[in-house]
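Visitor: A predicted structure for the sequence below; I have some questions about it.
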Amino acid sequence: MERQKEIYQVTLVGGVVNVVLLVFKFVAGILGHSAAMVADAVHSLSDFITDIIVIVFVHISGKPQDKSHDYGHGKYETLAMTIIGVALLVVAVGIVYGGIMKIVAWAGGEQLVAPGTLALWAALLSIVLKEAVYHYSMAKARQLQSQAVEANAWHHRSDALSSVGTAIGIGGAIFLGQRWTVLDPVASIIVGLFMLEP
């Protein structure tokens with residue numbers, strides 16, 4: 001029972017960070033006209049959803065054995081990891097497709113709006129917070145020997161790394177001039193590809 005409480009606690013910390021970041025990223029992406037930041041916000045949203053899945057499935061897996069589950073409910077934690085993986089795959093494919101469509105439009109002569117500095121600040125904040133949550137979650141995953149918390153920790157790390165790509169793309173689109181606004185959708189594709197990493 002104590003293990004379950006600690007898993008809830010570490011997942012809750014990650015969940016709070018994800019909620020704050022996903023709201024800030026969506027606002028920054030929309031107001032800052034940044035496809036990369038909106039993609040990064042979706043990535044944070046998927047991380048928040050995985051936090052909820054971890055909490056639900058760890059609760060189920062903590063139940064003792066019964067008539068229909070001779071060996072307890074431990075396999076539900078593995079099922080949670082599978083659901084997280086499938087959800088990330090679906091979201092990632094959508095983000096990559098959206099980025100490719102913007103690049104195709106740009107190649108066809110469409111002018112892309114340069115993102116605003118708010119989007120860049122959101123990316124930098126995300127890098128710092130998500131990397132911190134990754135280290136905290138991974139330490140707890142090892143201590144608690146929880147596959148679900150470890151999987152969730154890696155999603156925090158992938159979000160931090162994708163925010164690095166987002167920051168580079170947005171920064172390039174802002175500071176290199178109108179010819180380089182295509183770096184924003186390129187960065188959104190990088191975010192999507194990070195989400196496809198195991």
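Guide: Okay, I see it.
Visitor: Run through the chain and note the low-pLDDT ranges.
Guide: 1, 58-78, 80-81, 197-198 (pLDDT under 70).
Visitor: Just give me the longest helix of it.
Guide: Longest helix of the chain, by residue count under DSSP state H: helix 75-107.
Visitor: List the buried residues in the helix or strand following that one.
Guide: Scanning forward in sequence from helix 75-107 by DSSP states H and E, the next helix or strand is helix 117-144. Across helix 117-144, burial judged by 16 or more other C-beta atoms under 10 Å covers 118-123, 125-127, 129-131, 133-134, 136-138, 140-141, 144. (Each C-beta comes from the backbone N, C-alpha and C, glycine too.)
Visitor: Repeat that for stretch 38-56.
Guide: Neighbour count says stretch 38-56 has 38-51, 53-55 buried, by 16+ other C-beta under 10 Å.
Visitor: In helices, which of those residues appear?
Guide: 38-51, 53-55.
Visitor: how far does stretch 103-117 sit from the chain's center?
Guide: Averaging C-alpha positions (C-alpha atoms, centre = their mean, to the nearest Å) puts stretch 103-117 25 Å from its chain's average.
Visitor: One more: stretch 30-46?
Guide: Taking mean C-alpha positions (C-alpha atoms, centre = their mean), stretch 30-46 and its chain are 10 Å apart.
Visitor: What of stretch 87-102?
Guide: Counting by C-alpha atoms, centre = their mean, stretch 87-102 comes out at 13 Å from the chain centroid.
Visitor: got the buried residues for that stretch?
Guide: Within stretch 87-102, judged by 16+ other C-beta under 10 Å, the buried ones are L88, V91, A92, I95, V96, G98, G99, K102.
Visitor: Tell me the one among these nearest to R3.
Guide: L88 (25.4 Å; C-beta to C-beta).
Visitor: Quick check: the gap between the residue lying closest to the closest one once chain neighbours are set aside and Y8.
Guide: Among residues not flanking L88 along the chain, M195 sits closest, at 5.1 Å (C-beta to C-beta, 6 or more residues apart in numbering). According to C-beta to C-beta, to the nearest Å, M195 and Y8 sit 25 Å apart.
Visitor: What about S34, how many residues nearby?
Guide: The number of residues packed near S34 is 32, by other C-beta atoms under 10 Å.
Visitor: who touches it in this structure?
Guide: Residues counted as contacts of S34 (C-beta atoms under 8 Å, 6 or more residues apart in numbering) are A28, P115, G116, A119, I170, A173, D184.
Visitor: Can you tell me how far it is from L120?
Guide: Taking C-beta to C-beta, one finds S34 at 8 Å from L120.
Visitor: Now the common contact residues for these two.
Guide: By C-beta under 8 Å, 6+ apart, the residues touching both S34 and L120 are I170.
Visitor: buried subset of the contacts of S34?
Guide: Counted by 16+ other C-beta under 10 Å, the contacts of S34 give A28, P115, G116, A119, I170, A173, D184 as buried.
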